[in-house]
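what's the 3D shape of this:
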Amino acid sequence: MRIIVLCLMSVVVAQPVYSQVLVVPSKKKVVIDGKSYYLHTVKKDETLYSISRAYNVLQRDIVFHNPDALESVRLGQELKIPVNTGETPAVNILQSAQFIYHITEKGQTVFWLTQHYNISKEDLFKHNPVLEHSELQAGQVITIPKKTDDTAQPAKLKIAHEVYTVKRGETLFSIAKSYNADLNEIYELNPEIDPKDARVKMGQQIKIPLPDAQPIGLPVEISKADTIIIRQDLKTQDLETQDFLSQSSDCAETSQREFRIAMLLPLFLADNAPASPPDSGMVVNSEGRFKYRDGRYWIHPRSADALEFYQGALLAIDSLKKQGLNADVVIFDTMHDTLKIAQILRNPDMKNMDLIIGPFYTDLVNQVASFARENRIHYVSPIAINEASLINNPYLMQVNTGEINTVTPMVEHISKQKNVHVTLIGNQLETDQIVFNAYLNKLKTIFADSSLTVLQMRYDDLQEPDRYLKTERMNVVIIPAENKRFVNLIAGKLYAATHSFQVNLYGPASWTKFVDLDMEYLHTLEFRYASAFYIDYDNPQVQNFLQQYRKMYFTEPTMLTGINEISPQAYQFAFLGYDVTFFFMSVMKKYGKDFGDCIPFFRMPTQQSDFRFEKINPFSGYKNTNLDIYKYGKDYSIMKEKVEN
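Presented below is the predicted three-dimensional model:
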């Protein structure tokens, strides 16, 4: 197993300027299985959206006949474009028995969606939480719940169909294409099939609409209307094995044992070789490295978190090597530089990677995500990112879903308590109010005005708690703020108020890393936070990891003092490096490099999180949905309170 560390020097590159591309429709026409198509060769800067508009067809129709186009369209790729019959398409949609999946067009808005589908803004946000915090974009997949009452939509008519038994290696898409059947009708006939993964298993019987079938109950000429035909004679050589919603449901184990992995880490190697000692209390050893007088090596603070992640990853790689997995692991020092990322991605070896882990800054994620999608390489983001990045990118894996995703479980946890009064306090000086606004919107849907107080404060002008706390009720105070001084001052005032009031405190997981925050405050106020990460030091697996870490590095995890500019989340990077590396390399060891659609079924205990990956829509990447609420007890314990999904 090889590990290569590359430190690329920054270079200045010209940034391309893009203008709107005019797509010229092709005149080349073919007939395949009785259907007419244009053959379009993709040119520079053309997109699925621009091509669909040029031919006046729906994006989903292009994807249906060209499954590879879902991930991206590539320069020189030849697409079969179904010939439009002359009708202007209204909207791009896919359907299941429970949902409509709408692909947005340019100019469509949240208001347009609510009017078009007769759905409230609240219901739209409930099924698409990303819309609350980011603007609607063309090509975005929106989940629309279907109406369940009879008056909301016409009664469903039965479709004439036959029953087919799925063979090994077949997918829903390949079967639908063989029958020339509409996927929406297949979903209507088979409500047990979830369109989010569209999985079918060998031996499963599914209903397929008959050719040119009309709804039963309308005039239709069928010799035996009540007869169900059982067909099992499809030729496997006529089938395609790639489903545009998912890969084969087989998830067969692989014999592949050699992989190439790229880790993009902000090590800031150049910053660790300054010309003079950073501190007057340091000495220089024979290798020219700076050391403290107690023997500790000096590490640049910006390098600390990434270095610990790397150390944890090395332990995971060593463990997997003993299990027979061979991997070439290439480490790139990304620093915090978009130009450095661009230079790394131009390295020819990057296109041959089987997995990419990192980078660690949110403003660098989209660069790598686009590269991974274009080259069909699975990409793991270890940090919290904007959920919008997952949309339409099935190769992106999000380990940490971020603070915004904790709002709903935290509010629902509070709502189960009796006789509570909720006070939501925001930091008036914080420019990012997304989480505060999400709490406000969610609380208003559950609590009456008499049970909810909303305040905005400044650290230099704090209200006294007796002005908003209630003596006769349990006071739940939520403070979605990250400023250490602000949090410390309010927590201190609430702590003093516990002599006269019952108070529970809810806040972000980042508070657990505030070294200046008095733990007495948190335990007395029974502080609660939600997180996907927690380390149980009584766990034998954790204890074994610590022993191995000490043996290899002669120190403890988190002894390095980072400046937390990478992420404020409540995880320790040494454990995170081990967990992410061990988990995803184990997935590849089991299923091979094309493990994407098998990951929801893969379970493995890790140090900090029970990873559970799910898609947010049929076209998206996967996010870790595991989440727990942790409580600081008055007995100085920290207890896990499971979130009910």
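
Can you classify Val31 by secondary structure?
strand (DSSP: H, G, I helix; E, B strand; the rest coil).

model confidence over the helix or strand in which Ser586 is found, on average?
For Ser586, the host element (DSSP states H and E) is helix 573-591. Averaged across helix 573-591, pLDDT comes to 92.

Tell me which other helices or strands it touches.
Packing partners of helix 573-591 (3 or more C-beta pairs under 8 Å, 6 or more residues apart in numbering; DSSP states H and E): strand 258-265, helix 304-322, strand 355-357, strand 378-384, strand 396-400, helix 540-553. Heads up, the C-betas are built off the backbone N, CA and C, glycines and all.

what residue ranges in the stretch 451-600 of the chain score low on pLDDT?
By pLDDT under 70, the low-scoring segments of the stretch 451-600 of the chain are 559-571.

can you rerun that using 90?
Within the stretch 451-600 of the chain, the segments meeting pLDDT under 90 span 458-463, 481-484, 509-518, 531-543, 545, 550-573, 589-600.

Okay, strands next: where are they in it?
452-457, 474-478, 502-506, 528-531 (DSSP state E, counting those that start in this stretch).

returning to what we had before: could you give the angle of the helix holding Ser586 to strand 396-400?
Going by axes from the mean of the first three to the mean of the last three C-alpha atoms, to 10 degrees, helix 573-591 is angled at 140 degrees with respect to strand 396-400.

hey, C-alpha coordinates of helix 573-591 in PDB?
Taking Å, rounded to 0.1, in the frame of the first residue of the first chain, the C-alpha atoms of helix 573-591 are listed here in PDB:
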ATOM      1  CA  PHE A 573     -10.700  15.000  13.400                       C
ATOM      2  CA  ALA A 574      -8.500  12.000  14.300                       C
ATOM      3  CA  PHE A 575     -11.600   9.900  14.900                       C
ATOM      4  CA  LEU A 576     -13.300  11.400  11.800                       C
ATOM      5  CA  GLY A 577     -10.300  10.500   9.600                       C
ATOM      6  CA  TYR A 578     -10.400   7.000  10.800                       C
ATOM      7  CA  ASP A 579     -14.100   6.600  10.500                       C
ATOM      8  CA  VAL A 580     -14.500   8.100   7.000                       C
ATOM      9  CA  THR A 581     -11.500   6.200   5.600                       C
ATOM     10  CA  PHE A 582     -12.300   2.900   7.100                       C
ATOM     11  CA  PHE A 583     -16.000   3.100   6.200                       C
ATOM     12  CA  PHE A 584     -15.700   4.000   2.600                       C
ATOM     13  CA  MET A 585     -12.700   1.800   1.900                       C
ATOM     14  CA  SER A 586     -14.600  -1.100   3.400                       C
ATOM     15  CA  VAL A 587     -17.600  -0.300   1.200                       C
ATOM     16  CA  MET A 588     -15.200  -0.400  -1.900                       C
ATOM     17  CA  LYS A 589     -13.600  -3.600  -0.600                       C
ATOM     18  CA  LYS A 590     -17.100  -5.200  -0.500                       C
ATOM     19  CA  TYR A 591     -18.800  -3.800  -3.600                       C
END
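
quick one on the thing from earlier: quick one: which of the helices and strands packed on helix 573-591 is nearest Ser609?
Smallest distance to Ser609 across the helices and strands packed on helix 573-591 (C-beta to C-beta): 7.8 Å, for strand 396-400.

roughly how far apart are Ile175 and Cys251?
Ile175 sits at a distance of 18 Å from Cys251 (criterion: C-beta to C-beta, to the nearest Å).

Could you check which of these two is surrounded by more residues?
Just comparing Ile175 and Cys251: by other C-beta atoms under 10 Å the higher neighbour count belongs to Ile175, 22 against 18.

from what I can see that one touches Glu162, true?
No: using C-beta atoms under 8 Å, Ile175 is not in contact with Glu162, being 11.7 Å away.

what's the closest of the strands of the stretch 451-600 of the chain to Val407?
Each of those has some distance to Val407 by C-beta to C-beta; the shortest is strand 528-531, at 8.6 Å.

list the helices and strands the closest one packs on?
helix 407-415, strand 502-506, strand 628-632.

Pipe those into TSV and attach mean neighbour count per row.
Below are the helices and strands packed on strand 528-531 laid out as TSV (neighbours: other C-beta atoms under 10 Å):
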stretch	mean neighbour count
helix 407-415	19
strand 502-506	21
strand 628-632	19
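
Quick check: which of the ones you listed is nearest to Tyr578?
strand 628-632 (19.6 Å).

So in that sheet, which strands flank the closest one, and in what orientation?
strand 528-531 (antiparallel), strand 638-642 (antiparallel) (DSSP bridges).

Give me whichever of these is most buried.
strand 528-531 (a mean of 22; mean count of other C-beta atoms under 10 Å).

what comes into contact with that one?
Here strand 528-531 makes contact (C-beta atoms under 8 Å, 6 or more residues apart in numbering) with 406, 409-410, 413, 504-509, 511-512, 569-571, 627-632, 641, 643.

can we see that at 6 Å?
Thr406, Pro409, Met410, Tyr506, Gly507, Ala509, Ala570, Leu627, Ile629, Tyr630, Lys631 (C-beta atoms under 6 Å, 6 or more residues apart in numbering).

which one of those sits closest to Ala313?
The closest of those, once distances to Ala313 are taken by C-beta to C-beta, is Ala570, at 19.8 Å.

how about the contacts of strand 528-531 in a markdown table, adding distance to Asp349?
Output for the contacts of strand 528-531, formatted as a markdown table (distance: C-beta to C-beta, whole Å):
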| residue | distance to Asp349 |
| --- | --- |
| Thr406 | 38 |
| Pro409 | 41 |
| Met410 | 44 |
| Tyr506 | 47 |
| Gly507 | 44 |
| Ala509 | 37 |
| Ala570 | 35 |
| Leu627 | 37 |
| Ile629 | 43 |
| Tyr630 | 42 |
| Lys631 | 47 |
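
re earlier: looking at the strands of the stretch 451-600 of the chain, which is nearest to Leu264?
Per C-beta to C-beta, nearest to Leu264 of these: strand 528-531, 24.2 Å.
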